[in-house]
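Colleague: here are the coordinates; sequence isn't available:
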Ligand SMILES: [Zn+2]
Ligand SMILES: [Zn+2]
């Protein structure tokens with residue numbers, strides 16, 4: 001049995017054509033793609049695939065733990081198909097997401113409890129970075145100006161305009 005079919009079955013899902021197609025695409029795609037990006041790259045060879053099928057299938061994958069939803073500046077659905085546990089480094093200038101191997105850069109151990117009766121189930125690290133491309137493009141300087149102009153408490157309300165581009169290291 002192909003490994004993709006096996007993964008679907010283990011997640012309790014029937015291995016339908018679109019599911020197999022999308023899961024194998026996700027396993028290859030290291031961009032942390034949006035639903036639209038996946039749709040566009042698959043559409044070339046599978047013209048009958050619809051964007052709503054892509055959305056529905058990704059939604060099912062997220063619920064079954066086959067992929068992880070990644071936060072995106074817009075309301076777009078953006079997913080991570082890398083099954084291994086890993087952290088992210090997000091370029092604050094262009095929004096590219098890079099996978100960080102935890103065996104190379106380990107995370108701190110989380111406490112088991114936090115105030116207000118919060119029981120900790122996990123810890124994710126997101127590194128704020130400026131990627132090599134943006135550094136060479138000189139955008140780091142622009143960003144530094146933006147950070148200085150920003151109040152320290154305004155993180156949640158800061159304008160988070162990012163492009164959908166993403167690449168791997
Ligand atoms: Zn960048
Ligand atoms: Zn990732």
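Modeller: Received the coordinates, thanks. Given the structure is predicted, the values throughout are model-derived calculations rather than measurements. Ligands and ions are numbered 1, 2, ... in the order given.
Colleague: distance of residue 56 relative to ligand 1?
Modeller: 31 Å (C-beta to the ion, to the nearest Å). Bear in mind the C-beta positions are built from the backbone N, C-alpha and C, glycine included.
Colleague: who does the helix or strand harbouring residue 135 touch, helix- and strand-wise?
Modeller: For residue 135, the host element (DSSP states H and E) is helix 132-136. Judged by 3 or more C-beta pairs under 8 Å, 6 or more residues apart in numbering; DSSP states H and E, helix 132-136 is in contact with no other helix or strand.
Colleague: avg pLDDT for that helix?
Modeller: Computed over helix 132-136, the mean pLDDT rounds to 91.
Colleague: how about stretch 5-22?
Modeller: So the average pLDDT for stretch 5-22 ends up being 95.
Colleague: near ligand 1 at all, the helix holding residue 135?
Modeller: Yes. Using C-beta under 5 Å from the ion, we find that helix 132-136 touches ligand 1 at residue 134.
Colleague: buried residues of that helix, list them for me.
Modeller: For helix 132-136, burial by neighbour count (16 or more other C-beta atoms under 10 Å) applies to residue 134.
Colleague: where's residue 61, which helix or strand?
Modeller: helix 51-63.
Colleague: pull the distance from that helix to the chain's centre.
Modeller: Remark: helix 51-63 is offset 15 Å from the chain centroid, using C-alpha atoms, centre = their mean, to the nearest Å.
Colleague: and the contacts of it?
Modeller: With contact meaning C-beta atoms under 8 Å, 6 or more residues apart in numbering, helix 51-63 is reached by 13, 18-19, 22-23, 26, 35-36, 38-39, 42, 67-69, 77, 79.
Colleague: out of these, list just those in strands.
Modeller: Among the contacts of helix 51-63, the residues falling in strands (DSSP state E) are 68, 69, 79.
Colleague: spit out the contact partners of the closest residue to the first one other than its chain neighbours.
Modeller: Once flanking residues are discounted, residue 68 sits nearest to residue 80: 4.6 Å by C-beta to C-beta, 6 or more residues apart in numbering. Residue 80 makes contacts with 32, 67, 68, 69, 70, 97, as judged by C-beta under 8 Å, 6+ apart.
Colleague: likewise residue 42?
Modeller: Contacts of residue 42 (C-beta under 8 Å, 6+ apart): 21, 22, 25, 49, 54.
Colleague: 10 Å - rerun?
Modeller: 18, 21, 22, 24, 25, 29, 49, 53, 54 (C-beta atoms under 10 Å, 6 or more residues apart in numbering).
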